[in-house]
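[1] A structural model of the following input is requested.
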Amino acid sequence: MTERPSIDEYFLEIASVVSKRSTCLRNKVGAVIVRNKRILSTGYNGAPSNMEHCLEIGCIRQQNNIASGTRHEKCRAVHAEQNAIIQAALHGVSIGGATVYCTHQPCILCAKMIINSNITKVVYSTSYPDTDTKEFFDAAGVEMVYIPPQE
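    Numbering: from 1, shown residues only. Below is the predicted model:
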């Protein structure tokens, strides 16, 4: 008999499924915003609406040998966390007090959006080389939880 996943493991697994829609050539990232055990919004990383995806035209960051976690402005994609927040806004869904489950630790740009969205908890399963995120979350009172990927 398999063990029942915890709530955090359950929503991280859903974020992993969401990440499969990503059009990024480097990192497939998914995010799920949840409050009271209910999914409010999802997002994955990819080009803005009605624009060509990296799958179609190649990755600008790869072509210029830009290291992961740096020069975010050189990425064509909208990040998964950003897309989840944008989708909630587009559909009039309040996300204050929610938890965001991410396949990857949010970058500093996403951290700022998460803080200003009044999301109170971030759960992630893959580290990201952006070292300022934890400091920002700590200062803003956003709980940050790392759960290693399930094998």
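
[2] could you use CA atoms for every contact and neighbour count after this?
    Will do.

[3] so what's the residue nearest to the spatial centre of the chain up against?
    Most central residue of the chain, judged by C-alpha distance to the mean C-alpha position with Cα atoms, centre = their mean, is Glu81 at 3.6 Å. Listed by Cα atoms under 8 Å, 6 or more residues apart in numbering, the contact set of Glu81 reads Gly30, Ala31, Val32, Gly43, Tyr44, Val100, Cys102, Pro106, Cys110, Ile114.

[4] try it again with 10 Å
    Counting by Cα atoms under 10 Å, 6 or more residues apart in numbering, Glu81 makes contact with 29-33, 41-45, 87, 100-107, 109-111, 113-114.

[5] state the mean pLDDT of the helix or strand where it lies.
    Taking DSSP states H and E as the definition, one finds Glu81 inside helix 80-90. Computed over helix 80-90, the mean pLDDT rounds to 97.

[6] what helices or strands is the helix or strand following it leaning on?
    Counting by DSSP H and E, the element after helix 80-90 in chain order, helix or strand, is strand 99-102. Counting contacts by 3 or more Cα pairs under 10 Å, 6 or more residues apart in numbering; DSSP states H and E, strand 99-102 is packed against helix 7-19, strand 30-35, strand 38-44, helix 80-90, strand 121-124, strand 143-146.

[7] strand 99-102 pairs with which strands?
    Sheet pairing of strand 99-102 (DSSP bridges) gives strand 30-35 (antiparallel), strand 121-124 (parallel).

[8] how distant is the helix or strand following that strand from the center of its chain?
    Proceeding N to C from strand 99-102, the next assigned helix or strand is helix 108-116, under DSSP H and E. On the basis of Cα atoms, centre = their mean, to the nearest Å, helix 108-116 sits 10 Å off its chain's mean C-alpha point.

[9] now what about helix 108-116, what contacts it?
    69, 72-73, 78-83, 85, 95-96, 98-100, 105-106, 117, 119-122, 130-137, 139-142.

[10] mind doing that once more with 7 Å?
    Contacts with helix 108-116, where a contact means Cα atoms under 7 Å, 6 or more residues apart in numbering, come from Glu81, Gln82, Asp130, Asp132, Thr133, Ala140.
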